[in-house]
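Asker: sharing a model that was predicted from the sequence below.
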Amino acid sequence: MSELRVGVLALQGDFREHIAMVRSIGATAFEVRTPDDLAQADALIIPGGESTAIGRLARIYGMIDPMRSRIESGLPVLGTCAGMIFLGSATTGNDQPQLGVLDVVVERNAFGRQVDSFESEFEVTGFDGSMHAVFIRAPWIHKVGADVEILAAVTDPSTGDDRPVFVRQANILATSFHPELTDDTRVHEALLAMAEER
Amino acid sequence: MPTSNAETGTDLVKRGLAEMLKGGVIMDVVNAEQAKIAEEAGAVAVMALERVPADIRAHGGVARMADPAKVDEIINAVSIPVMAKSRIGHFVEAQVLQSLGVDYIDESEVLSPVDTNHIDKWAFTVPFVCGAKDLGEALRRIGEGAAMIRTKGEPGTGNVIEAVRHMRMMNREIRELTLTDPNELMAAAKELRAPYQLVKEVASTGKLPVVNFAAGGIATPSDAALMMQLGCDGVFVGSGIFKSGDPAVRARAIVEATTFYKDAEKVAKVSRNLGEAMVGINIDTLAPEDRMQDRGL
């Protein structure tokens, strides 16, 4: 594998777990807090955390526009949980800073409060075997745009509708769950594969 | 349940929420208005209370779990996680808080303990955070099921000295364990009064098995950055924000100093013109019965 440099947005959240996972599969990983850091990245990860805190810090420190423009020009990016919310174009709740690069409406805390957080197994399109994932006060996707491919979904218990929890749109991957908290490196490998292809 | 094989309340799910709070600030609030100010300032969670620790100190008497109506008010005001405190050993207060839907319970020395035993935290779906002054205390709490640890510090004083002392103690004891001969780990566990399996784990990994935040006496952006540089994963601010002159500005400043804790220029920038910090208390003037950190060892 060539020397891919994966930047992990390190304003708040579990960025260290993402860095450890990227390193475990043979790429370089580093913390991104400023536009200068971002410029060094061949791929970007937006970690889990609190989306309101990450969004607010990103806005104050002038990260929104540089991130948006690099992602729009093809930078491969993975957002997990809060990262998915931040990549999206709207939420079903109050306004909060979002990049608006992923054409989805996200519902925050869709599964309920922390006592409803869970681990589960499910199938992912394009991945061999099932995936064991952990959902923590997780969002799901309420509505997807035409260019968004749904890789995994769960059933909304109140309506019976499918709610996407793993999607891809061109260079953007987003999960409701936290691959970085398990030993399953396949989502991160998918991001690196996208960066390799560029 | 959204999927048929979902499992709630696991170790990973409980410890995982604390992982998501890392690098952030958790703020004590006593009503919906303060909770919104905290959320707007970039807090990663709020602690729902009837009184902040400084007022608990001033008020005296028995300090108990907050009124459920107060907890509901705060839960309904914000989208970020809401924590609440139970008394040490008061497992029914914890059951009540879990039923209200709080996201984390702090079994806290700030309230009046009801037992020399702590709560059996494995029996709950909701995760717990507990205070610790040293490694032995931290590992006893983790042994009882705590999914997150914080320094005890000396709450409600606006004086960070005790939090620093507790963090240094924990770091030193962890460092010593990593250098300990495996044959001596049982003796080390005995000395620490901590579960052997956890002692063995810390000796091999060089860190606590759960996230460790700073708490107790943090009042300024520099205090927060100091605790982060000492190796804490994040910061609780109790009385320090809403007992200060301009809570919204101070809250934002402490959040930014926690993110950019290694960047002195940024800490300097956010520290300008913050208004009056909370009035601090010299720890040496506290009577032994007023030292909250000595509760629940």
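Answerer: Alright, I've got the coordinates. Numbering: from 1, shown residues only, chains lettered A, B, ... in the order given.
Asker: tell me how many other residues surround the residue of the stretch 151-297 of chain B found nearest chain A.
Answerer: Nearest to chain A in the stretch 151-297 of chain B, going by CB to the nearest CB, is residue B:259, at a distance of 5.5 Å. For every residue, glycine as well, the C-beta is placed using N, CA and C. Residue B:259 has 25 neighbouring residues, counting by other CB atoms under 10 Å in any protein chain shown.
Asker: got a pLDDT number for residue 43?
Answerer: Going with chain A. You'll see residue A:43 listed with a pLDDT of 98.
Asker: wrong chain, I was asking about chain B
Answerer: According to the prediction, residue B:43 has pLDDT 97.
Asker: residues in contact with it?
Answerer: Applying CB atoms under 8 Å, 6 or more residues apart in numbering or on different chains to residue B:43 gives the contacts A:53, B:24-27, B:80, B:251, B:255.
Asker: what helix or strand does it sit in?
Answerer: Applying DSSP states H and E as the criterion places residue B:43 outside every helix and strand.
Asker: phi, psi of it?
Answerer: Main-chain torsions, residue B:43, degrees, to the nearest 10: phi -60, psi 150.
Asker: mind checking how far residue A:96 is from residue B:106?
Answerer: Remark: distance between residue A:96 and residue B:106 (CB to CB, to the nearest Å) = 26 Å.
Asker: so for the two, which sits in the more crowded spot?
Answerer: More crowded of residue A:96 and residue B:106, by other CB under 10 Å: residue B:106, with 25 against 19.
Asker: next one: the nearest residue to the more buried one once chain neighbours are set aside, what pLDDT does it get?
Answerer: Once flanking residues are discounted, residue B:106 sits nearest to residue B:85: 4.6 Å by CB to CB, 6 or more residues apart in numbering or on different chains. pLDDT for residue B:85: 97.
Asker: so who does residue B:85 touch?
Answerer: Contacts of residue B:85 (CB under 8 Å, 6+ apart): B:47, B:49, B:65-66, B:105-108, B:110-111.
Asker: just to revisit the earlier point, please flag which of the contacts of residue B:43 sit within helices.
Answerer: Counting by DSSP state H, the contacts of residue B:43 place A:53, B:251, B:255 in helices.
Asker: how about the residues you listed in TSV, adding pLDDT?
Answerer: TSV is the format used below for the ones in helices among the contacts of residue B:43 (pLDDT from 0 to 100):
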residue	pLDDT
A:53	95
B:251	96
B:255	97
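Asker: quick one: buried residues of stretch A:82-89?
Answerer: Within stretch A:82-89, the residues scored as buried using 16 or more other CB atoms under 10 Å in any protein chain shown are A:82-88.
Asker: now, which of these lie close to chain B?
Answerer: When contact is defined as CB under 8 Å from any CB of the partner chain, the buried residues of stretch A:82-89 meet chain B at residue A:82.
Asker: farthest pair in the buried residues of stretch A:82-89?
Answerer: Spatial extent of these (CB to CB) is set by the pair A:82 and A:88 at 10.7 Å.
Asker: where do the strands sit along chain A?
Answerer: For chain A, the strands defined by DSSP state E occupy A:5-9, A:28-32, A:43-46, A:77-80, A:88-91, A:102-107, A:118-122, A:131-135, A:140-144, A:149-155, A:162-169, A:172-175.
Asker: and the angle from the first one to strand A:28-32?
Answerer: What it means is strand A:5-9. Inter-element angle recorded for strand A:5-9 and strand A:28-32: 30 degrees (by axes from the mean of the first three to the mean of the last three CA atoms, to 10 degrees).
Asker: check contacts around residue 150.
Answerer: Answering for chain A, as no chain was given. A:125, A:144, A:162, A:164, A:166-167.
Asker: could you do chain B instead?
Answerer: Taking CB under 8 Å, 6+ apart, one finds B:106, B:129-132, B:212-216, B:236 in contact with residue B:150.
Asker: just give me the neighbour total for residue A:175.
Answerer: By the criterion of other CB under 10 Å, residue A:175 has 27 neighbours.
Asker: is it in contact with residue A:85, as I believe?
Answerer: No - contact criterion CB atoms under 8 Å: residue A:175 and residue A:85 do not qualify, at 11.3 Å.
Asker: beta partners of residue A:44?
Answerer: Following DSSP bridges, residue A:44 is listed with bridge partners residue A:7, residue A:77.
Asker: OK, contacts around it?
Answerer: Residues counted as contacts of residue A:44 (CB under 8 Å, 6+ apart) are A:6-9, A:32, A:38, A:67, A:70-71, A:75-78.
Asker: go on, residue B:258?
Answerer: B:23-25, B:224-225, B:228, B:234-235.
Asker: helices along the stretch 101-250 of chain B, start to end?
Answerer: Ranges of helices in the stretch 101-250 of chain B, per DSSP state H, counting those that start in this stretch, are B:135-143, B:161-178, B:185-192, B:196-205, B:221-229, B:239-242, B:247-259.
Asker: give me the longest helix you can find in chain A.
Answerer: helix A:186-197.
Asker: could I get the buried residue list for it?
Answerer: By neighbour count on 16+ other CB under 10 Å, the buried set for helix A:186-197 is A:187-192, A:194-195.
Asker: circling back to that earlier point, make CSV from the contacts of residue B:258 and add distance to residue A:131 to it.
Answerer: Below are the contacts of residue B:258 laid out as CSV (distance: CB to CB, whole Å):
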residue, distance to residue A:131
B:23, 27
B:24, 28
B:25, 33
B:224, 37
B:225, 38
B:228, 34
B:234, 29
B:235, 34
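Asker: counting by contacts, list what the longest helix of chain A packs against.
Answerer: Packing partners of helix A:186-197 (3 or more CB pairs under 8 Å, 6 or more residues apart in numbering or on different chains; DSSP states H and E): strand A:5-9, helix A:15-24, strand A:43-46, strand A:77-80, strand A:172-175.
Asker: quick check: phi and psi at the nearest residue to residue B:168 once chain neighbours are set aside.
Answerer: Nearest residue to residue B:168, sequence neighbours excluded (CB to CB, 6+ apart): residue B:230, at 6.8 Å. Dihedral pair for residue B:230: phi -80, psi 0, per degrees, to the nearest 10.
Asker: give me the distance between residue B:230 and residue A:65.
Answerer: Residue B:230 is 35 Å from residue A:65, where distance means CB to CB.
Asker: what about the two, which has more around it?
Answerer: Counted by other CB under 10 Å, residue B:230 and residue A:65 do not tie: residue B:230 has more neighbours, with 17 against 12.
Asker: list the contacts of the more buried one.
Answerer: Counted by CB under 8 Å, 6+ apart, residue B:230 has contacts B:164, B:167-168, B:171, B:214.
Asker: using PDB, write out the CA atom coordinates for stretch B:106-126.
Answerer: Taking C-alpha atoms only, stretch B:106-126 is exported to PDB below (Å, rounded to 0.1, in the frame of the first residue of the first chain):
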ATOM      1  CA  ASP B 106     -22.900  10.000  38.500                       C
ATOM      2  CA  GLU B 107     -22.700   8.100  41.800                       C
ATOM      3  CA  SER B 108     -21.300  11.100  43.500                       C
ATOM      4  CA  GLU B 109     -19.600  12.200  46.600                       C
ATOM      5  CA  VAL B 110     -21.100  15.700  46.100                       C
ATOM      6  CA  LEU B 111     -24.300  14.300  47.500                       C
ATOM      7  CA  SER B 112     -24.600  12.800  51.000                       C
ATOM      8  CA  PRO B 113     -23.600   9.100  51.000                       C
ATOM      9  CA  VAL B 114     -26.200   6.600  52.300                       C
ATOM     10  CA  ASP B 115     -24.000   3.500  52.600                       C
ATOM     11  CA  THR B 116     -20.300   2.400  52.900                       C
ATOM     12  CA  ASN B 117     -21.100   0.200  49.900                       C
ATOM     13  CA  HIS B 118     -21.300   1.600  46.400                       C
ATOM     14  CA  ILE B 119     -24.100   0.600  44.000                       C
ATOM     15  CA  ASP B 120     -23.800  -2.700  42.100                       C
ATOM     16  CA  LYS B 121     -23.700  -0.900  38.800                       C
ATOM     17  CA  TRP B 122     -23.700  -4.100  36.700                       C
ATOM     18  CA  ALA B 123     -27.300  -4.500  37.600                       C
ATOM     19  CA  PHE B 124     -28.200  -1.400  35.500                       C
ATOM     20  CA  THR B 125     -28.700  -0.700  31.800                       C
ATOM     21  CA  VAL B 126     -27.700   2.900  32.100                       C
END
